[in-house]
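K.L.:
what follows is a predicted protein model with its sequence.
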Amino acid sequence: MTVKTSRDVRTPADLAGWDPASKLGFPGELPSTRGIQPTMYRGRLWTMRQYAGFGTAAESNKRYRFLLKQGQTGLSVAFDLPTQIGYDSDDPDVTEEVGRVGVALDTLADAEILFDGIPLDQVSTSWTINGTAAIMLAFYVAVGKKQGVPVDKLRGTIQNDILKEYVARGTWIWPPEPSIRLIVDTIEFCAAHVPRYNAISVAGAHFRDAGCTAAQEMAFTLSDAVTYVDAVLERGRMGIDEFAPQVSFFFYTHNDFFEEIAKYRAARRLWARIAKERFGARDERSMKLRFHAQTAGCALTWQQPENNLVRTAIQAMAAVMGGTQSLHTNSLDEAYALPSERAATLALRTQQVIAHESGVADTIDPLAGSYYVESLTQRMEEGFERYLGEIEKMGGMVEAVERGYPQREITEASFHFQQQVEEGEKVVVGINKYATAEQAPILTLAIDPDVEKKQIARLTGTRKTRDRGRWTESMDALRHAAKAGDELMPRFLECARANASVGEQVLVLKEVFGEYHDPGYF
């Protein structure tokens with residue numbers, strides 16, 4: 001009998017030479033293609049972790065409490081741009097951005113308000129922060145201590161991935177070398193003191209947001225992860241199995257349902273091989289790629305915004321079928337503003353309907369063995385490896401970034417996608433097909449116009465009441481440690497307790513590390 005194959009119909013011929021024992025295995029077993037847990041969502045649902053934060057810490061705390069009451073099972077903190085790039089709210093260069101795209105957080109006093117009434121031993125918290133990640137980690141540990149929560153009971157993740165900022169997002173502060181030094185410090189600190197906290201979430205999501213393909217997203221992310229692991233190992237204080245279980249990942253999930261599922265399956269398989277063969281991992285936890293997924297905000301449109309509910313549901317389902325450990329679903333008003341309370345609730349309900357009504361959580365990896373899914377997974381893995389090989393030839397991801405390689409690849413992919421949309425080759429409902437002149441009105445979140453005044457007043461009050469001597473000592477100790485090459489996390493913790501602000505600490509480190517300027521613009 002002749003086995004037929006074609007572009008449209010997948011058959012056993014598409015899996016010629018494919019070995020299910022080595023390529024697939026069982027759920028919870030290496031190479032983790034079928035997921036990292038043996039019972040997957042039969043044992044426990046993914047963490048529903050809606051990304052939220054705006055205005056002041058008090059306003060964001062109110063939203064967190066609301067979402068937890070609606071059934072959210074984890075927190076995810078969104079920061080304003082000044083906090084992300086290391087400026088205090090009273091800096092005249094940034095006051096118009098205070099509290100606009102996330103919460104303003106200047107000192108430990110703000111962090112205490114942010115988590116007021118939220119027991120940190122009962123909820124995990126993700127921090128989407130990079131340049132100032134180590135400072136925020138110190139804030140979180142200090143808040144936990146004030147709540148009486150032992151540091152080894154704190155759970156969550158800090159994004160802490162600076163390389164993708166140089167490529168796709170822009171919230172850098174210092175050059176790559178000292179920035180990676182800070183990341184290594186946080187990884188070692190968490191491994192030694194905060195064992196239930198992920199010290200880094202290597203993030204491909206922002207590559208994808210900038211317009212790259214699924215293969216580029218995963219390849220560039222894994223290249224970043226290799227860079228960070230190499231940096232920790234080069235310092236020589238820890239072996240791979242001492243810290244790798246606290247390395248996590250973060251990806252965007254787009255509209256191409258099966259491509260996204262295959263992307264996650266292939267990534268797990270490839271990371272297991274990298275951890276074992278390149279880094280010599282022996283602990284299976286070091287080889288298991290754990291990730292948070294977010295539905296694709298860049299795929300949502302301001303035209304016909306109700307369509308975004310459908311897009312988000314499809315993307316969320318793909319993330320679940322792909323085996324995510326936690327998930328954020330974007331709101332229908334994503335293209336307009338930060339989520340309104342109603343839109344945020346609908347986004348959370350999308351996850352809950354999938355979890356409890358769709359039936360996908362009733363079985364483990366139901367797509368295993370599909371001719372199409374497995375052949376697509378194989379092709380995705382091969383695509384990742386080609387990019388990884390190119391980056392290795394350049395000397396690694398830092399060198400590739402300095403040459404502008406990933407930047408060019410993403411720009412070209414984004415341009416190609418836009419061409420396809422404009423020429424009608426790729427349909428976007430409501431944009432280049434089924435467009436209407438009418439625009440359905442939706443309610444959007446309005447940020448308090450006085451948010452910067454309120455935040456500046458809080459910061460001014462904190463500065464007036466803090467112990468000046470303790471603050472001076474903490475600043476001097478931070479400066480000395482930075483110059484001497486010492487570990488900085490103990491210094492950040494003391495700065496937090498002295499109510500030193502984010503901007504003050506960043507200025508001290510700028511004296512030592514300098515500042516990064518994008519060679520493409522300066």
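P.N.:
Cool, got the structure.
K.L.:
ok, and the helix or strand in this structure with the lowest average confidence?
P.N.:
Of all helical and strand segments in the chain, the minimum by mean pLDDT, DSSP states H and E falls on helix 20-23, at a mean of 90.
K.L.:
who's in contact with that helix?
P.N.:
Contact with helix 20-23 is made by P31, T33, R269, G369, E374, Q378, as judged by C-beta atoms under 8 Å, 6 or more residues apart in numbering. Every C-beta, even on glycine, is put in place using the N, C-alpha and C of the backbone.
K.L.:
and what of stretch 26-41?
P.N.:
By C-beta under 8 Å, 6+ apart, stretch 26-41 touches 22-25, 43-44, 265-266, 268-269, 271-273, 276, 284, 287-290, 320, 323, 325, 355, 360-361, 364-365, 368, 377.
K.L.:
change it to 7 Å
P.N.:
23-25, 43, 265, 268-269, 272-273, 284, 287-290, 323, 361, 364-365, 368 (C-beta atoms under 7 Å, 6 or more residues apart in numbering).
K.L.:
for stretch 459-477, same thing?
P.N.:
Contacts of stretch 459-477 (C-beta under 7 Å, 6+ apart): 88-90, 106-107, 109, 491, 494-495, 498-501, 504, 508.
K.L.:
mind checking the pLDDT average for stretch 227-240?
P.N.:
Stretch 227-240 carries an average pLDDT of 98.
K.L.:
which of the helices or strands spans L376?
P.N.:
helix 371-394 (DSSP states H and E).
K.L.:
got it, and S201?
P.N.:
Residue-wise, S201 maps onto strand 200-203 under DSSP H and E.
K.L.:
then A413?
P.N.:
helix 405-422.
K.L.:
picking that back up, distance from the chain centre to the helix holding L376, please.
P.N.:
Centroid displacement of helix 371-394 relative to its chain, using C-alpha atoms, centre = their mean, to the nearest Å, is 22 Å.
K.L.:
before we move on, what about stretch 92-107?
P.N.:
21 Å.
K.L.:
measure how buried P38 is and give me the count.
P.N.:
13 (other C-beta atoms under 10 Å).
K.L.:
how much space between it and P366?
P.N.:
Counting by C-beta to C-beta, to the nearest Å, the separation of P38 from P366 is 15 Å.
K.L.:
quick one, strands of the protein?
P.N.:
47-52, 74-78, 125-128, 156-158, 197-198, 200-203, 247-253, 291-295, 326-328 (DSSP state E).
K.L.:
between those strands, which one is nearest to K453?
P.N.:
Relative to K453, the nearest member of the strands of the chain by C-beta to C-beta is strand 74-78, separated by 21.0 Å.
K.L.:
for that closest one, packing partners?
P.N.:
strand 47-52, strand 125-128 (3 or more C-beta pairs under 7 Å, 6 or more residues apart in numbering; DSSP states H and E).
K.L.:
can you list those in a markdown table and add mean pLDDT, distance to I118 and mean neighbour count?
P.N.:
Output for those, formatted as a markdown table (pLDDT from 0 to 100; distance: least, C-beta to C-beta, whole Å; neighbours: other C-beta atoms under 10 Å):
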| stretch | mean pLDDT | distance to I118 | mean neighbour count |
| --- | --- | --- | --- |
| strand 47-52 | 97 | 12 | 24 |
| strand 125-128 | 97 | 9 | 25 |
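K.L.:
can I get those strands in JSON lines including distance to G211?
P.N.:
Formatted as JSON lines, those follow (distance: least, C-beta to C-beta, whole Å):
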{"stretch": "strand 47-52", "distance to G211": "20"}
{"stretch": "strand 125-128", "distance to G211": "20"}
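K.L.:
among these, which is nearest G144?
P.N.:
Going by C-beta to C-beta, the one of the helices and strands packed on strand 74-78 nearest G144 is strand 125-128, 9.8 Å.
K.L.:
partners of the closest one in the sheet?
P.N.:
Applying DSSP bridges, strand 125-128 is found paired with strand 74-78 (parallel), strand 156-158 (parallel).
K.L.:
which one of these lies closest to T436?
P.N.:
Nearest of these (C-beta to C-beta): strand 74-78, 31.8 Å.
K.L.:
so that closest one versus strand 291-295, what angle?
P.N.:
60 degrees (axes from the mean of the first three to the mean of the last three C-alpha atoms, to 10 degrees).
K.L.:
which residues touch strand 74-78?
P.N.:
Under C-beta under 7 Å, 6+ apart, the answer for strand 74-78 is 47-53, 64, 102-103, 123-128, 326, 328.
K.L.:
now with 6 Å?
P.N.:
Residues from elsewhere that reach strand 74-78 (C-beta atoms under 6 Å, 6 or more residues apart in numbering): 47, 49, 51-53, 64, 102, 123-128.
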